[in-house]
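>>> Requesting a structural model of the entry that follows:
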Amino acid sequence: MTHLFQRLLWAKQNIPSVQSSKVVVFEDPAFTKEPCKILSAAPEWMACAMHGNILPPVEAYHEMEYLIEDNFGNEYAGVTQLEFEDMLFDFAKAGKAMKSQRVTKHKLHDDVMPAMSEDEAIQYLIKKDTPHRVWGQHGNYQNFRVVDRSVMPTDRKNRNYWKLQQDGDAIKAILPTPMEETLALWGIEA
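The predicted model follows:
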């Protein structure tokens, strides 16, 4: 099996870019006060996904192991990508910071995915580039939605207030009330 970097370099030189007609709108349940985020596949990446035999299985990213050191000198070995996401969140809550990280084990060069449809590529991208808590939770609340690029608001004036809607339109700007704006100026959350 060739090295992932060599496969990506070959793709850049030989495969025309493909612009996806879809984007992913998602909210991270760990950060409920933040606006929704928009994930869009790079045209070069989409070309690799749709061509096939270039990208590794998404599980290769989830099984990567890290050696982490925090700002207190504690080391954590054998941390997988999914554990790493939770660890970053826990560090932030505990007032710790990550001093360094490095990958100690991975399978990015061991296997490749066959050609994917646009929908399959978007599902791969969701599992690769959003936290597990966004796509791995089950329940009534939708943390993400795949939408057509054409339904995205073109006016970004109220971008900091975009929220994912559970029914109807995918995105809606939920504007603060004048009282909330005043409290925010004073650093007080409503």
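>>> Which parts of this structure are helices?
4-14, 43-51, 58-62, 81-94, 118-129, 132-135, 178-185 (DSSP state H).
>>> So which of those is nearest Phe26?
Phe26 sits nearest to helix 132-135 of all these, at 5.2 Å, using C-beta to C-beta. Yep, even glycine has a C-beta here, placed from its N, CA and C like the rest.
>>> re earlier: tell me the most buried of the helices of the chain?
Sort the helices of the chain by mean neighbour count, taking mean count of other C-beta atoms under 10 Å, and helix 43-51 sits at the top with a mean of 19.
>>> what's that helix in contact with?
Helix 43-51 is touched from outside by 7-8, 11-12, 15-20, 41, 54-55, 113, 115-118, 120-121, 124-125, with contacts defined as C-beta atoms under 8 Å, 6 or more residues apart in numbering.
>>> Bridged to Met98, which residues?
Per DSSP bridges, the residues bridged to Met98 are Asp70.
>>> All further residue positions should be reported with the first residue as 87.
Renumbered: residue one is now 87, and that last one reads Met184.
>>> returning to what we had before: export the helices of the chain to a markdown table and tack on mean pLDDT and distance to Ser186?
Compiled in a markdown table, those are given as follows (pLDDT from 0 to 100; distance: least, C-beta to C-beta, whole Å):
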| stretch | mean pLDDT | distance to Ser186 |
| --- | --- | --- |
| helix 90-100 | 95 | 23 |
| helix 129-137 | 97 | 27 |
| helix 144-148 | 93 | 20 |
| helix 167-180 | 81 | 13 |
| helix 204-215 | 96 | 22 |
| helix 218-221 | 89 | 23 |
| helix 264-271 | 58 | 35 |
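>>> Would you format these as JSON lines with distance to Glu120 included?
Below are the helices of the chain laid out as JSON lines (distance: least, C-beta to C-beta, whole Å):
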{"stretch": "helix 90-100", "distance to Glu120": "31"}
{"stretch": "helix 129-137", "distance to Glu120": "25"}
{"stretch": "helix 144-148", "distance to Glu120": "23"}
{"stretch": "helix 167-180", "distance to Glu120": "13"}
{"stretch": "helix 204-215", "distance to Glu120": "17"}
{"stretch": "helix 218-221", "distance to Glu120": "12"}
{"stretch": "helix 264-271", "distance to Glu120": "14"}
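>>> out of the ones you listed, which comes closest to Asp241?
Using C-beta to C-beta, the nearest of the helices of the chain to Asp241 is helix 264-271, at 19.1 Å.
>>> can you list the domain ranges for the chain.
The chain breaks down by automatic domain parsing into domains covering 90-143+195-271, 150-191.
>>> Skip the chain neighbours and tell me the closest residue to the spatially most central residue of the chain.
In the chain, the residue lying closest to the centroid (C-alpha atoms, centre = their mean) is Thr216, at 2.4 Å. Spatial nearest neighbour of Thr216, excluding adjacent residues (C-beta to C-beta, 6 or more residues apart in numbering): Phe112 at 5.7 Å.
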